[in-house]
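In: I would like to see how this sequence folds:
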Amino acid sequence: MEHPTLVLIIFVITYIFIAVQRIPGLRIDRPSGVTIGSTLLLLSGLLNIEEAYSFIDWHVITFLLGMMVMIAYLEFAGFFEHVALWLVQISRSAAQLLLATILSSALLSAFFVNDTICLLFTPIILKATRFLKLNPLPYLIAIATASNIGSALTITGNPQNMYIGIQSGIPFLRFMLAMLPPVAAGLAINYYLVRLIFRKTVNHQPIEKVSIRIPKLKRTLTFKALAALGITLALFIAGMGYPFAALVGASLILLAGYVPPRLVLKEVDWTILLFFAGLFIVMGAFEKAGYMETLMQFAARRVSGESFGGFMGLSLIVTLLSNLVSNVPAVILMQPLVEQFGGGEKFWLLLALASTFAGNLTLVGSVANLIVAEKALARQVHLGFLAYLKAGFPLALLSLAAGTVWLWFFFAG
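Out: The predicted structure follows:
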């Protein structure tokens with residue numbers, strides 16, 4: 001490729017947009033950052049439109065779209081809000097409410113994408129803690145951290161897992177089986193750590209029960225959407241390609257749902273699809289210019305997948321990179337290194353685990369964390385960087401260490 005230095009400059013500018021987002025005088029988020037980067041590559045003549053299209057992994061885009069359509073129907077039906085308020089109603093103490101928040105956030109995030117759960121659960125939990133006169137901070141931290149941990153369980157839990165699932169071809173149940181112990185350990189650490197930090201307020205003392213009106217659930221629509229999702233998961237398990245299975249599920253609910261699709265499709269996060277498309281183009285140009293090969297040779301000389309120390313080192317690199325540029329770009333950057341190590345399941349699973357658990361390290365470590373913080377701030381509750389760090393930092397380190405050790409021994413021999 002001609003002018004590789006210009007490609008590097010555009011790549012660095014794009015990743016600054018992804019990592020920083022808040023630049024004085026500019027209001028640029030991640031999707032717009034990669035769109036600007038890919039447009040600069042086209043305007044400079046470094047890529048033509050056909051090359052740009054060829055760099056986009058349409059399997060990933062299709063998979064994301066199919067899953068988001070089914071989730072949008074469940075959201076429209078009031079399913080997530082109904083579940084959250086029901087859990088609040090059955091909790092008898094602050095500690096029980098914390099446990100219910102962690103388990104529900106984690107379980108739902110495993111199948112419905114963690115960002116969605118954070119978006120919907122945060123205002124509900126804030127309303128509940130206000131009614132119950134409880135400190136909202138432990139519950140906000142629990143939503144963010146548990147949704148990150150829980151999303152690591154399955155290929156459908158978050159965008160980076162969806163990408164890894166398609167690139168690696170790991171069967172759905174195989175992925176879930178390998179991830180179950182580290183996710184369970186992470187959630188246990190999460191619960192006891194948050195309880196320890198907020199031990200003065202999160203205890204087993206009975207809380208005053210208040211009546212919170214649970215909105216009526218659109219039962220027929222919920223049943224149809226859950227049925228479509230169930231069929232999709234069955235197709236995953238049966239070995240059908242992830243993108244095709246997701247499209248089948250989305251098509252079924254579009255056909256069976258009695259709600260005009262245009263109303264529901266407004267709930268689909270189209271910016272995620274834009275983000276992935278732009279990121280694929282920028283990464284494709286970076287690889288075409290030869291920088292990816294140089295970067296991977298540098299990393300491979302310092303990290304080996306053949307030793308336990310090297311495996312831990314790889315986990316550390318993914319963790320740091322995920323906090324520097326966010327988890328999805330980190331996964332795409334690390335893919336060539338994983339393939340250089342032979343593309344074995346343990347490396348793909350480590351990539352999924354480390355990039356996801358790393359999101360708990362700091363408040364800006366994942367989009368899910370930022371969603372919780374922004375939703376809380378809109379309701380006059382401030383979840384600060386340091387308040388989050390007290391729980392998030394030790395949680396990330398402990399869960400990453402436990403998960404990495406588990407994966408190493410799970411694939412031993």
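In: and the closest residue to Val7 other than its chain neighbours, how far from Val113?
Out: Spatial nearest neighbour of Val7, excluding adjacent residues (C-beta to C-beta, 6 or more residues apart in numbering): Ala289 at 4.2 Å. (C-beta placed from N, C-alpha, C; glycine too.) Distance, Ala289 to Val113, using C-beta to C-beta, to the nearest Å: 33 Å.
In: repeat for Gly313
Out: Counting by C-beta to C-beta, the separation of Gly313 from Val113 is 30 Å.
In: of the two, who's got more company?
Out: The neighbour comparison of Gly313 against Val113 (other C-beta atoms under 10 Å) goes to Val113, with 26 against 17.
In: Ala100 and Leu247, how far apart?
Out: As judged by C-beta to C-beta, Ala100 and Leu247 stand 34 Å apart.
In: check Gly169 too.
Out: The separation that Gly169 has from Leu247, given C-beta to C-beta, amounts to 18 Å.
In: can you pick out the residue with more neighbours from the two?
Out: For Gly169 versus Leu247, neighbours defined as other C-beta under 10 Å are more numerous around Leu247 (18 against 13).
In: OK, contacts around that one?
Out: 62, 65-66 (C-beta atoms under 8 Å, 6 or more residues apart in numbering).
In: of the residues you listed, which is the nearest to Val367?
Out: Leu65 (17.9 Å; C-beta to C-beta).
In: was I right about the closest one contacting Ala246?
Out: Yes. If you go by C-beta atoms under 8 Å, Leu65 and Ala246 touch, sitting 7.5 Å apart.
In: ok, Val264 - contacts?
Out: Neighbours of Val264 in contact, by C-beta under 8 Å, 6+ apart: 69, 72-73, 76, 257.
In: picking that back up, format the contacts of Leu247 as CSV; extra columns: pLDDT.
Out: Rendered in CSV, the data for these read as follows (pLDDT from 0 to 100):
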residue, pLDDT
Thr62, 91
Leu65, 90
Gly66, 90
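In: return the subset of the contacts of Val264 lying in helices.
Out: Residues of the contacts of Val264 located in helices (DSSP state H): 69, 72-73, 76.
In: most neighbours, which of the residues you listed?
Out: Top of the ones in helices among the contacts of Val264 by neighbour count (other C-beta under 10 Å): Tyr73, with 28 neighbours.
In: I figured that one hits Lys224, correct?
Out: Yes. Counting by C-beta under 8 Å, Tyr73 touches Lys224, with 7.5 Å between them.
In: mutual contacts of the two, please.
Out: Counting by C-beta under 8 Å, 6+ apart, the shared contacts of Tyr73 and Lys224 are 253, 257.
In: do you know the pLDDT at the nearest residue in space to Glu75 that is not next to it in sequence?
Out: Once flanking residues are discounted, Glu75 sits nearest to Glu267: 5.3 Å by C-beta to C-beta, 6+ apart. For Glu267, the model assigns a pLDDT of 79.
In: and the strands in this protein?
Out: Counting by DSSP state E, the chain has strands at residues 22-23, 26-27.
In: which strands or helices does the last one pack on?
Out: If you count contacts as 3 or more C-beta pairs under 8 Å, 6 or more residues apart in numbering; DSSP states H and E, strand 26-27 packs onto no helix or strand.
In: and that strand, how far out from the chain's middle?
Out: Chain-centre distance of strand 26-27: 24 Å, with C-alpha atoms, centre = their mean, to the nearest Å.
In: quick check: mean pLDDT of that strand?
Out: Strand 26-27 comes out at a mean pLDDT of 72.
In: what sits against the spatially most central residue of the chain?
Out: What sits nearest the mean C-alpha location of the chain, by C-alpha atoms, centre = their mean, is Asn158, with 3.6 Å. By C-beta under 8 Å, 6+ apart, the contact set of Asn158 is 109, 113-115, 151-152, 327, 356.
In: kindly report the same for Thr35.
Out: If a contact means C-beta under 8 Å, 6+ apart, then Thr35 has 274, 278 as its contacts.
In: quick check: it vs Gly392, distance?
Out: Separation of Thr35 from Gly392 (C-beta to C-beta) stands at 30 Å.
In: just give me the neighbour total for Leu255.
Out: Around Leu255 there are 10 other residues, counting by other C-beta under 10 Å.
In: quick check, pLDDT for it.
Out: 91.
In: re earlier: between Leu65 and Ala246, who's got more neighbours?
Out: Each of Leu65 and Ala246 has its neighbours counted (other C-beta under 10 Å); Ala246 has more, 26 against 17.
In: now that one, nearest residue through space, not along the chain?
Out: Spatial nearest neighbour of Ala246, excluding adjacent residues (C-beta to C-beta, 6+ apart): Gly66 at 2.8 Å.
In: gap between that neighbour and Val113?
Out: Distance of Gly66 to Val113, computed by C-beta to C-beta: 12 Å.
In: how close does Ala144 get to Val331?
Out: For Ala144, the distance to Val331 - C-beta to C-beta - is 20 Å.
In: again, but for Ala94
Out: Counting by C-beta to C-beta, the gap from Ala94 to Val331 is 37 Å.
In: shaky segments in the stretch 251-400 of the chain?
Out: Applying pLDDT under 70 to the stretch 251-400 of the chain flags residues 299-305, 343.
In: now do 80
Out: 258, 267, 287, 290-307, 324-326, 340-343, 364 (pLDDT under 80).
In: let me see the ranges of the helices in it.
Out: 261-265, 270-288, 291-302, 308-325, 327-340, 345-357, 367-377, 385-410 (DSSP state H, counting those that start in this stretch).
In: quick one, the fifth one and helix 367-377 angle?
Out: So that's helix 327-340. For helix 327-340 against helix 367-377, the angle by axes from the mean of the first three to the mean of the last three C-alpha atoms, to 10 degrees is 170 degrees.
In: residues contacting helix 327-340, please?
Out: Contact partners of helix 327-340, identified using C-beta under 8 Å, 6+ apart, comprise 15, 18, 158-160, 163-164, 167, 275-276, 279-280, 283, 287, 292-293, 295-296, 299-300, 303, 314, 317-318, 321-322, 324-325, 347-348, 351-352, 355-356, 358-359, 366.
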